[in-house]
Each structure stands twice: as C-alpha cells, then as structure tokens.
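S.K.: sharing a sequence plus its predicted fold:
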2 protein chains.
Amino acid sequence: MQERKERRSNRDRTDATRRHLIAAARRLFTEKSYAETSTPEIVAAAGVTRGALYHHFADKQALFRAVIEQEAADVGAEIEASTPAGAPDPRAALIAGSDAYFLAMRVPGRTRLLLLDGPAVLGRTVLDDIDGRNANRTLRDALAAMMQSGAIKSLPVAALAEILGAAFDRAALAIEAGAPVGDYRQAIVALIDGLGPHPGSGS
Amino acid sequence: MQERKERRSNRDRTDATRRHLIAAARRLFTEKSYAETSTPEIVAAAGVTRGALYHHFADKQALFRAVIEQEAADVGAEIEASTPAGAPDPRAALIAGSDAYFLAMRVPGRTRLLLLDGPAVLGRTVLDDIDGRNANRTLRDALAAMMQSGAIKSLPVAALAEILGAAFDRAALAIEAGAPVGDYRQAIVALIDGLGPHPGSGS
DNA sequence: TCGATTAACATACAATCTGCATGTATCTGT
DNA sequence: ACAGATACATGCAGATTGTATGTTAATCGA
C-alpha cells in the first residue's frame, strides 16, 4: 500500500470538490450577489478550476440551486431544533417558531440568498417547492394542527401558510435592513392572533 | 420655415428616445427577465443604438429602475382609480383595494418585474421606497384610517402595511402561477378580518 | 444672424464572462 | 492488468457590458 500519492476514491473526490464549490459559492453569493459573482471567482475561492465546476454542475444556476437547497435545509433544521415536538400551547409554539425563523434569517446573507436572489434566479415555483420541504413545511403543519384543534379558523392551509410565510419573509428583510424588531414582531403576532376565532382572550 | 428635415427640439428627442427605450425594455424584461435581456436586444427593439441608451441612462440597471418606477406608478394609479375616495365601509374598501391589486397584477409580466426581478436587482430597500409612494401607500393609508376609527387594532402601521403587502404580493404570484384564486382570497380576507377587535360579527 | 458650446447620439474597443469542446490523469470493475 | 468510466484541466468561440472617441444637430449669447 502506497499512501504516498494520496490515493482517494472517486466518491471522496466528488464529495470534497462539490463541498468546496458550494461553500465558496455560498460565501461569494452572500457577500455580493448571484449576478455579481463570476464563476472564475468561485473556482478560485474553492481552489479548483472551472472545468471541475462544469463537470459537477450543469451551469452556474445549478450550483446556485445547490447552495439554496443547502441553505433552506439549514434554516429548516434550525427552526425544528428550537421547537420541541410535543407543544402544549400551539399558539405559543407558532410564535416561538416564527421567532426561531427570524433568528435563523439573521445569519448574514441568508435573506439575500433565500428571499431575493433565490426567487429571481430560480423562480417562485422552485423556491416554493424548496420552502415547502423545509421552513414553510413547519409553518403549514403548525397551522393545520391548530385548525384541527380549533385553535384557529379553518382555512385553505397551503394558501394561508404561503402568504403568512411571505409576511415572515418580508419582516425578516425589514429587520435585517435595520427596522425596529418590535414593530414587526407585534404585527406578526397580531396577524397570527387574528386567525383565532376569539377576540383577544389571552392570559 | 423648412419642415423638410424634421427639426426637433432636444427636449422632444430626449423624451421620445427615453420613452422608446423604456417601452422596449419593459416588453423584453417581462417576456424574458432582466438577466436574460441584453442591451443590444433592447436598443434594437427601441430602434436606437447603445450609444443612445448609455447617454440617457447610467447603465442597464438605471434603465431597469425607470421601467420599475413607471410600472409601480401604473399599478398604484389603477388601484386608486378603482377605489372611490369616500368609502362608507372601510373594511369593504380595503378588500376591494386588495382585489384591485390582484387584478392589476395580472397584467402579464408585472409580477416578475415588481416582485421578482425588482427586489433582486434594485434591492428591497429601493423597492420598498417605490412601493411606499404607490400601491403600498394606499394600503398604509387605509390601515391607518381603520385604526383611527377603531375598525382594527392599533398597531405599528408601517410594519403592518409592509408585511400585509408582502402577503398580497405572494398571493399575486401564486395566482399567476395558476393557484386557486379563491383559496388565496379567502386567506387574505381572513388575515384582514383578524385585525379587527371583534370576532366575526360581519353583517 | 452667427460662432461657440453643449447635447444627442453613433461607432469602435477593451475587458469579462459563460458554456463547451477537447485533452489528460486517475480510479473502478472485471 | 487492462479497458472503460470518471474527474478534472485547458483553450476557445460567442456574447455582453461599460467607456472612449468621433460626429451631427440644437441652443445660446453677442
């Protein structure tokens, strides 16, 4: 056995190269933007060549999509991690989930990636699909559960989760832009509470 | 007087050229996208040269911004035109306004322009500013009036108008994508009604 | 009215960038 | 071990953006 020449399996090489590319791309896409980041820059930062990039990804957009999928999965995981499964108070759980979302979206560049460039580059349909498997799925499930238990009105859950999620997104954008967090949290909570069948009978 | 050689004032030439450029750019930006539209295409469609474009606009992005400003103003005007000034029922007026918005956003390409490419190319801050002078201003005014009259809870009006507007935007996107209009309208109305201090005491 | 100045373009150019085609080294299955 | 596949590396063609430079037409003061 000669370990001298660093013999690596193809699987390992592929995994490493793809990870390096995605990491470098993520950094540049968030520091600047998708449009302002060139593939020569990305491969330089990743320590590979453009040949490697175009071997593993169909084009620049495919690499971007890989970055987005990863990022959306990370956000989704962070939210689920901060919201324990069995929740006694569904309303509190939903609000806690939204707070977790705002916190997760404070990771630098995440808003640009998931809320600005993502929809523009990949299209809303694709982003909806990705979101629906991650952060927005949590929201939809929570709303569906609350409808079941009668905690909120019965409504088309997919549509409601989508537009409520959009409201969260815009709040995250505004907060990152320096807007007063309290104002947006208050507005969000008002929207959520408004879905309940009763006025304002909070403890 | 020799009208033979088409003597035009500089003012007229500038106005005409700018209008042609903006019209051609709007068409191409909506048929494809900002990124996929090249300046040679635009000037060809407008019947001018790239020299004219770069004489009147700092760069491609500046032309895009001119298109966006125009489009946002058009949408704002359509909404105000369909909602008479003195409204007896503020809630009905707000819902009518949202319907007018959805209708206005059905003009082909408008969602891509104002909701996808706009924020990505110009940034959310710029888009918020433009929106705040047009469609979103109407929403904010309506909400403020309802808070004054006690029709809805008192909340930070700017923040609420922004996230509610974001919900409208996402609904418009979904509707254009072929989603069931009723579902989104129902969800929107539920959000609006939820802001009222009373349960569901509609007539 | 006329010359000078400025505005409104037109044209050419330099620097990039993207995707692909082709060539080479390394790994994998038999 | 060897043939084929895989993982790159390199070079090229076409296209794009912004600018620099040249030209024509309008404006403005004397």
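M.R.: The structure has been received and is ready for your questions.
S.K.: put the alpha carbons of stretch A:89-103 into CSV.
M.R.: Extracted in CSV, the C-alpha atoms of stretch A:89-103 (Å, rounded to 0.1, in the frame of the first residue of the first chain):
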residue,chain,number,x,y,z
ASP,A,89,-49.8,25.6,23.6
PRO,A,90,-50.0,25.6,19.8
ARG,A,91,-50.2,29.4,19.6
ALA,A,92,-47.1,29.8,21.7
ALA,A,93,-45.3,27.2,19.6
LEU,A,94,-46.2,29.0,16.4
ILE,A,95,-44.9,32.3,17.7
ALA,A,96,-41.8,30.6,19.0
GLY,A,97,-41.3,29.1,15.6
SER,A,98,-41.6,32.5,13.9
ASP,A,99,-39.0,33.9,16.4
ALA,A,100,-36.8,31.0,15.5
TYR,A,101,-37.2,31.8,11.9
PHE,A,102,-36.3,35.4,12.4
LEU,A,103,-33.2,34.4,14.4
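S.K.: tell me how far the one residue sitting closest to the centre of chain A lies from residue B:93.
M.R.: The centroid of chain A falls nearest to residue A:72 when counting by CA atoms, centre = their mean (3.2 Å). Noted for residue A:72: a distance of 38 Å to residue B:93, by CB to CB, to the nearest Å. Quick note: C-beta positions are derived from backbone N, CA and C, even for glycine.
S.K.: kindly report the same for residue A:22.
M.R.: Applying CB to CB to residue A:22 and residue B:93 gives a distance of 49 Å.
S.K.: before we move on, what about residue A:149?
M.R.: Taking CB to CB, one finds residue A:149 at 34 Å from residue B:93.
S.K.: with neighbour numbers in mind, choose between the two.
M.R.: Between residue A:149 and residue B:93, residue B:93 has the larger neighbour count (other CB atoms under 10 Å in any protein chain shown), namely 19 against 9.
S.K.: which strands or helices does the host helix or strand of the more buried one pack on?
M.R.: Using DSSP states H and E, residue B:93 sits within helix B:90-104. Under the contact criterion of 3 or more CB pairs under 8 Å, 6 or more residues apart in numbering or on different chains; DSSP states H and E, helix B:90-104 touches helix B:60-82, helix B:135-148, helix B:157-176, helix B:181-194.
S.K.: out of the ones you listed, nearest to DNA strand D?
M.R.: helix B:60-82 (3.9 Å; CB to the nearest atom of the strand).
S.K.: pull out the buried positions in the closest one.
M.R.: B:60, B:63-72, B:75-76, B:78-80 (16 or more other CB atoms under 10 Å in any protein chain shown).
S.K.: quick one: contacts of the helix holding residue B:93?
M.R.: Applying CB atoms under 8 Å, 6 or more residues apart in numbering or on different chains, the contact partners of helix B:90-104 are B:74-75, B:78-79, B:82-83, B:87, B:110, B:135, B:138-139, B:142-143, B:145-146, B:149, B:151, B:168, B:171-172, B:175, B:181, B:185, B:188-189, B:192-193, B:196.
S.K.: can you tell me which of those residues are buried?
M.R.: Among these, the ones that count as buried (16+ other CB under 10 Å) are B:75, B:78-79, B:83, B:110, B:135, B:138-139, B:142-143, B:145-146, B:151, B:168, B:171-172, B:175, B:185, B:188-189, B:192-193, B:196.
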